[in-house]
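Q: have a look at this prediction, sequence included:
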Amino acid sequence: MALRRGHIRYLKVCEVQTSQNDVRDGQHAAKGPAVKRADDGGRRRPDQLIVNYLPQSMSQDELRSLFSSVGDVESAKTHPGQSGSLGYGFVNFVNPSDAERAISTLNGLRLQSKTIKVSFARPSSDMIKDANLYISGLPRTLSQQDLEDMFTRFGHIINSRVLVDQASGLSRGVAFIRFDKRSEAEDAVKHLNGHTPPGSSEPITVKFAANPNQARNSQMMSQMYHGQSRRFGGPVHHQAQRFRFSPMSVDHMGGGNSVSGNSSTGWCIFIYNLGQDADEAILWQMFGPFGAVVNVKVIRDFNTNKCKGFGFVTMTNYEEAAMAIHSLNGYRLGDKVLQVSFKTSKGHK
DNA sequence: TATTATT
């Protein structure tokens, strides 16, 4: 399916702009031994995938559902945080050979505002925990590559990111670097904290990054602190709360006959005019960017296993479902123009 | 001067 392939390539291009390491990992995973890195030998589990940059709203069931589009999932776990997941999870397939295909199919998939990363997990160990560094006071001219060049002598860099101002796209002078081992990160702190890069007048600060839980707590504390002085110190703008339809509230509206597409699990969307080779992955790729997708299903002929021309997608939030329908109805997929609407009990027109 | 990568 030409269009699908093009779509995936586009997603990969997005990834290139985000992080070089992501790409290196992705290629490594997709191509196998050809681009083997010496320091990866024996340090990855071919039976388990780690999924990073997941939307926090994504549940374990949604993660399972997403990877079920590739093969039978044995287990799917998200790391629980205060509100939803911490942004990463683990997936095992019944048949481990599906893992490679999951990487090539799902790595780089855009879900909501995130671009997920799918790669082989490293064997769990205490050594690889708390190996993430926070660096501040960097020259604004320093690129991600410059940053890695500065830190690479201390160990194997898993990933790095220079934070940029959203409006201007310019460096904010702060960055994160994750090393493979905590001892490597410790080494980098020892040697580079307080060090002034050549051509710069300011020393950089290198320290261990606050872990996600701490970061969220301090962020919350700070919000509470500032929020209170604001709340009681000035005029209160009554923020009109955006009204959200929810399956629950509709169910309470009586009967639900006048409203279609909803159920206890979300809003069911009907997609008509899919090609014979349509699969679950393409539905995830099309609908995922619009919001929380609970489930996707391609209806296939029992005997031929070919798509019968239609499928369903269930989304949690009405507004996101409506936006997806509005955007994707009439969308040209391959040589067909899709019809996308809320599922009706009577069937489509 | 803070993103969410080890169950």
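A: Thanks, I have it. Since we're looking at a predicted model, the values are computed, not measured.

Q: now A:Glu280: how far from A:Phe208?
A: A:Glu280 sits 40 Å away from A:Phe208 when distances are taken as C-beta to C-beta, to the nearest Å. To be clear about C-beta, it is placed using only N, CA and C from the backbone, and glycine gets the same treatment.

Q: actually, A:Phe120.
A: Applying C-beta to C-beta, the value for A:Phe120 to A:Phe208 is 25 Å.

Q: more neighbours: the two, which one.
A: A:Phe120 (19 against 14; other C-beta atoms under 10 Å).

Q: partners of the more buried one in the sheet?
A: Beta-bridge pairing of A:Phe120 under DSSP bridges involves A:Leu49.

Q: A:Tyr272 pairs with what?
A: Per DSSP bridges, the residues bridged to A:Tyr272 are A:Phe310, A:Gln339.

Q: A:Thr316 reaches A:Gly266, doesn't it?
A: Yes: between A:Thr316 and A:Gly266 there is a contact under C-beta atoms under 8 Å: 4.7 Å.

Q: where do the contact lists of the two overlap?
A: Residues touching both A:Thr316 and A:Gly266 by C-beta atoms under 8 Å, 6 or more residues apart in numbering: A:Ala292, A:Val294.

Q: neighbour count: the two, which is higher?
A: The neighbour comparison of A:Thr316 against A:Gly266 (other C-beta under 10 Å) goes to A:Gly266, with 22 against 18.

Q: the more buried one pairs with what?
A: A:Ser263.

Q: hmm, it is touching A:Met315, no?
A: Yes: taking C-beta under 8 Å as the definition, A:Gly266 is a contact partner of A:Met315 at 5.5 Å.

Q: mutual contacts of the two, please.
A: What both A:Gly266 and A:Met315 touch, as defined by C-beta under 8 Å, 6+ apart, is the set A:Ala292, A:Val294, A:Ala321.

Q: and those, which is closest to DNA strand B?
A: Closest approach to DNA strand B among these (C-beta to the nearest atom of the strand): A:Ala292, at 15.3 Å.

Q: neighbours around that closest one, how many?
A: Using other C-beta under 10 Å, the number of residues around A:Ala292 comes to 21.

Q: so it sits against A:Glu62, correct?
A: Yes: the criterion here is C-beta under 8 Å, and A:Ala292 meets it with A:Glu62 at 7.3 Å.
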